[in-house]
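S.K.: sequence first, predicted model second:
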Amino acid sequence: MMACTPARVPRSSAGRRLAVLACAALLAACGGGSDGNGGGAANVAPVANAGPDRTVVEQSTVSLNGSATDANSGDTLAYAWSQVSGQSVTLSNANRAQASFLAPDVAGGAPQVLGFRLRVTDSAGAADTDDVLITVQEPGAAVTISGVASYEFVPANANCIGLNYGLTAARPIRQATVQVLDAASQAVLGDDTTDDTGRYAITVDAGRNVRLRVRAELKRGGSPSWDVEVRDNVTAAVPPAPLHQRPLYVLDSAAFDSGGVDQVRNLTAATGWGGTSYTGTRAAAPFAVLDAIYSGMQLVLGAQPTANFVPLDAFWSPGNKPVDGSGSFEDNIASGEIGTSFYSSGIDSLFLLGQAGSDTEEFDDHVIVHEWGHYFEDVFARSDSIGGSHGFGDRLDMRVAFGEGWATALSGMALGSPRYCDTQGTAQANGFEIDIENDAPNPRGWFNEFSVMSLIYDVWDTAADGGDNDSLGFGPIFDTMTGPQAVTPAHTSIFSFVDGLKALRPADSAFVDALRADHDINGIGIYGDGESNDASGGTPPDVLPVYTDIVPDGSVLNICSNRQFDAGFNGNRLSEYRFLRMAIVSQSRYTFDVVTDSATVAQLPPDDPNDDRDQSDPDLRYYLNGVLQNSGLQGFSGVANRETFTTPNELAPGDYVLDVVEFRHTDENSATDFPERSCFDITITAAP
């Protein structure tokens, strides 16, 4: 009988693997060997590998990186490290493949050589050992590692019909953290922040085995300050880690010796594009996202150099797809079924699509800054937008029209280009373009996000067209958004923006009014008094006035919620929410009563007692200076055909804004034959 029991094999990994393979081949040639009882192949001892000899610096944490190969499938391997020579040290995790110790102090003395032995034993008791020598020395002369960190950016084709990978070019990674890590222990030995050209410089000890790491983050304390991180939200972990603990994207170099002289090390995050599809790691993506956000921040810093930005997380993942998840918000985020790119105000986070061949956002920088524009409006100014779908030609709720128009205008200002590209489709070869400067909204008006977008952009830009014969720059826009727009008693809309801008810049009122007239916006003041643009020129019902006055004296106001511009039950179109204006003079508790009128009830589908979606469900919200005053379910109950409640506390004197809406118009599960128009009798009285 033949046996394969090599006493020692070469120290090199390649040599050791060849020896093991040769042994396995020998066993195969012998018919698999025998255990002496006819019970199968003879056991082959594992081959231990203690890693290469190396030199480390005193007082550093040293990792012993052991491994083993085993020709026998199913074996359980046990690891045991021991010190066999040199000054005694304490080993941590000595019973694992990777152990560690603190290198002793050799100050003033010659380098010391420490010997360690790794013993690997299989489940049959067969064992092998390998030794490694670690030389500990004093730190050498310091060296500086410097270079440029960059990422590859892919521009769009003409008219934004897809990405042009043939024009891929490097852009600097600006203001990101660069670290030098100990290659073995991953300890941070030094760090720097790239400048706006992507340059960094870090001084470390000479003669160390290190690697470079660029972190997808922007960190700055003091004034100004910011804290932005790009993370991967998709995870299979159950339960998933909290969002702020999901993996941060990084770009790592290969390990290298810091050497004895200064050296230049450039790092570039590649797209991963292989010619017809992504074949490599999409390392450029998180840094492209980070850089687009930094462009938005730069615009703000130009107007307010001491701006302090609320911490922001941006979540991008190749697994983020344009699919609406059916689970909870947390489950949908973890699975990447986010539907579309969006900003979440409750957690100050961006969520960005990344599924290749479907819709990816990393090189659609205007899209990224658009979503960041919602963050700006939320944390620096005020956003009353109710969100929802929107697109070309939509007649939107004025709050949505302003929020979306503002965000698109901001992207053009921050990136210095009116060409808004959104690429998508197979191989990222399709897409569409918005010309912020020249696209003509249809119809123009206070309800069209494209009118809002163009008006705000024309306040900023220097090109003269239409009513645009001046340029105010971003400063007055910033001051308006963070000043009057943030505290307006009305809802945030193009009316409150224009009124605030004119109040801050009275000398430019004629210029602003010319822009307003160019977009057929003729209402004045924060409430749009006197507005005559009804969105179609055909005098559709329930559009005007923008706000209707209601007196809290018990008199009845009849007003209607109309789904005439919303075939898809999106719930965010013009005339679905009707706005009321109420002045409270006497501090008191008040009773609100909203009753679906008899004419509407007569048009409702036959009542199914098991399904309330065929009945009217009026909702009412009331605000003071933009702050929702409803308590609990007051104003939002599911009682059919009526909403009534008394405020638990006295209302302070002031100008209140009310929204009235037919909830069925906002519910995609409503009965298809539910009437397009619901009218309500509203009374507000002082409670006894």
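M.R.: Thanks, I have it. Fair warning: this is a prediction, and the values are worked out from it, not measured in the lab. Numbers count the residues shown, from 1 in each chain.
S.K.: for the chain, which helix is longest?
M.R.: helix 284-303 (DSSP state H).
S.K.: and the angle for the following helix or strand past it with helix 284-303?
M.R.: Next in sequence after helix 284-303, counting helices and strands by DSSP states H and E, comes strand 312-316. Relative orientation of strand 312-316 versus helix 284-303 (axes from the mean of the first three to the mean of the last three CA atoms, to 10 degrees): 150 degrees.
S.K.: helices or strands up against strand 312-316?
M.R.: Contacts defined by 3 or more CB pairs under 8 Å, 6 or more residues apart in numbering; DSSP states H and E place strand 312-316 against strand 226-231, helix 284-303, strand 349-352, helix 365-379. Heads up, the C-betas are built off the backbone N, CA and C, glycines and all.
S.K.: please save the CA atoms from the longest one in CSV.
M.R.: This points to helix 284-303. What follows is helix 284-303, C-alpha atoms only, in CSV (Å, rounded to 0.1, in the frame of the first residue of the first chain):
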residue,chain,number,x,y,z
ALA,A,284,-17.1,55.3,-9.3
ALA,A,285,-20.9,55.4,-8.5
PRO,A,286,-20.8,56.5,-4.8
PHE,A,287,-18.2,59.1,-5.4
ALA,A,288,-20.2,60.5,-8.3
VAL,A,289,-23.1,60.8,-6.0
LEU,A,290,-21.0,62.4,-3.3
ASP,A,291,-19.6,65.0,-5.8
ALA,A,292,-23.0,66.0,-7.1
ILE,A,293,-24.1,66.7,-3.5
TYR,A,294,-20.9,68.7,-2.9
SER,A,295,-21.8,70.9,-6.0
GLY,A,296,-25.1,71.7,-4.3
MET,A,297,-23.3,72.6,-1.1
GLN,A,298,-20.9,74.8,-3.0
LEU,A,299,-23.8,76.9,-4.4
VAL,A,300,-25.2,77.4,-0.9
LEU,A,301,-21.7,78.3,0.5
GLY,A,302,-21.4,81.0,-2.1
ALA,A,303,-24.4,82.7,-0.6
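S.K.: now mean pLDDT and distance to T492 too, for the helices and strands packed on strand 312-316, in JSON lines please.
M.R.: Shown next, in JSON lines, are the helices and strands packed on strand 312-316 (pLDDT from 0 to 100; distance: least, CB to CB, whole Å):
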{"stretch": "strand 226-231", "mean pLDDT": "98", "distance to T492": "24"}
{"stretch": "helix 284-303", "mean pLDDT": "98", "distance to T492": "18"}
{"stretch": "strand 349-352", "mean pLDDT": "98", "distance to T492": "20"}
{"stretch": "helix 365-379", "mean pLDDT": "98", "distance to T492": "8"}
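S.K.: just tell me which of these ends up closest to D252.
M.R.: helix 284-303 (13.1 Å; CB to CB).
S.K.: please list the residues outside stretch 387-404 that contact it.
M.R.: For stretch 387-404, contacts defined as CB atoms under 8 Å, 6 or more residues apart in numbering pick out 342, 374, 377, 383-386, 442-443, 445-453, 491-495, 497, 528, 535-536, 546, 565, 568, 570-574, 576-577.
S.K.: residue ranges of the helices in this structure, please?
M.R.: Using DSSP H, helices in the chain cover 13-29, 284-303, 329-335, 365-379, 398-415, 449-460, 474-482, 484-487, 494-504, 509-518, 598-603.
S.K.: how about the ones you listed, which one is nearest S678?
M.R.: Across the helices of the chain, closest to S678 is helix 598-603 (CB to CB), at 5.0 Å.
S.K.: what about the closest one, average pLDDT?
M.R.: The average of the pLDDT scores along helix 598-603 is 95.
S.K.: and that helix, what other elements does it pack with?
M.R.: Helix 598-603 packs on strand 677-686, going by 3+ CB pairs under 8 Å, 6+ apart.
S.K.: ok so, going back, of all the helices of the chain, which one comes closest to G654?
M.R.: Minimum separation from G654 across these (CB to CB) falls at helix 484-487, 12.4 Å.
S.K.: before we move on, back to that, can you state the direction angle for the longest helix of the chain and helix 449-460?
M.R.: Using the same axes, to 10 degrees: helix 284-303 against helix 449-460 is 50 degrees.
S.K.: what angle do helix 284-303 and helix 365-379 make?
M.R.: Using the same axes, to 10 degrees, the direction of helix 284-303 lies 50 degrees away from that of helix 365-379.
S.K.: in helix 284-303, what counts as buried?
M.R.: Buried positions in helix 284-303, judged by neighbour count with 16 or more other CB atoms under 10 Å: 284-297, 299-300, 303.
S.K.: swap in stretch 330-347?
M.R.: Going by 16+ other CB under 10 Å, stretch 330-347 has these buried residues: 332-338, 341, 343-344.
S.K.: from these, pick the one nearest T235.
M.R.: A334 (5.3 Å).
S.K.: so what pLDDT did the closest residue to that closest one other than its chain neighbours get?
M.R.: Closest residue to A334 apart from its sequence neighbours, by CB to CB, 6 or more residues apart in numbering: P240 at 4.5 Å. We have a pLDDT of 94 for P240.
S.K.: contacting residues for P240?
M.R.: 246, 330, 334.
S.K.: can you tell me how far the nearest residue to the first one once chain neighbours are set aside sits from L212?
M.R.: Spatially, and ignoring its direct neighbours in sequence, R246 is nearest to R231 (4.6 Å; CB to CB, 6+ apart). Counting by CB to CB, to the nearest Å, the gap from R231 to L212 is 21 Å.
S.K.: where in the stretch 51-200 of the chain is pLDDT low?
M.R.: Along the stretch 51-200 of the chain, the parts satisfying pLDDT under 70 run over 73.
S.K.: could you pull out the strands for it?
M.R.: Ranges of strands in the stretch 51-200 of the chain, per DSSP state E, counting those that start in this stretch, are 54-57, 61-65, 67-69, 78-85, 98-102, 112-121, 127-137, 142-153, 169-172, 176-182, 188-193, 199-205.
S.K.: please work out which of these is packed deepest.
M.R.: Neighbour counts (mean count of other CB atoms under 10 Å) averaged over each of these peak at strand 176-182, with a mean of 23.
S.K.: which elements pack onto that one?
M.R.: Using 3+ CB pairs under 8 Å, 6+ apart as the contact test, the elements touching strand 176-182 are strand 142-153, strand 188-193, strand 199-205, strand 209-220.
S.K.: name every strand pairing with it and say which way it goes.
M.R.: strand 188-193 (antiparallel), strand 209-220 (antiparallel) (DSSP bridges).
S.K.: rebuild those as a markdown table, extending it with distance to L624.
M.R.: Output for the strands paired with strand 176-182, formatted as a markdown table (distance: least, CB to CB, whole Å):
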| stretch | distance to L624 |
| --- | --- |
| strand 188-193 | 43 |
| strand 209-220 | 36 |
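S.K.: quick one: which of these is nearest F636?
M.R.: Closest among the strands paired with strand 176-182, using CB to CB: strand 209-220, at 39.5 Å.
S.K.: excluding sequence neighbours, find me the nearest residue to R213.
M.R.: Excluding the flanking residues, the one nearest R213 by CB to CB, 6+ apart is Q179, at 4.6 Å.
S.K.: who wins for proximity to I550 among the helices and strands packed on strand 176-182?
M.R.: For those, proximity to I550 was assessed by CB to CB; strand 209-220 is nearest, at 47.6 Å.
S.K.: D435 against C421, yeah?
M.R.: No: the pair formed by D435 and C421 falls short of the contact definition of CB atoms under 8 Å, at 10.5 Å.
S.K.: the more surrounded of those two?
M.R.: The residue with more neighbours, out of D435 and C421, is C421; 22 against 15, by other CB atoms under 10 Å.
S.K.: just the pLDDT at the more buried one, thanks.
M.R.: 97.
S.K.: so how far is P541 from the closest residue to it other than its chain neighbours?
M.R.: Distances taken as CB to CB, 6+ apart put C160 closest to C421, at 3.7 Å, once the chain neighbours are dropped. Distance of C160 to P541, given as CB to CB: 38 Å.
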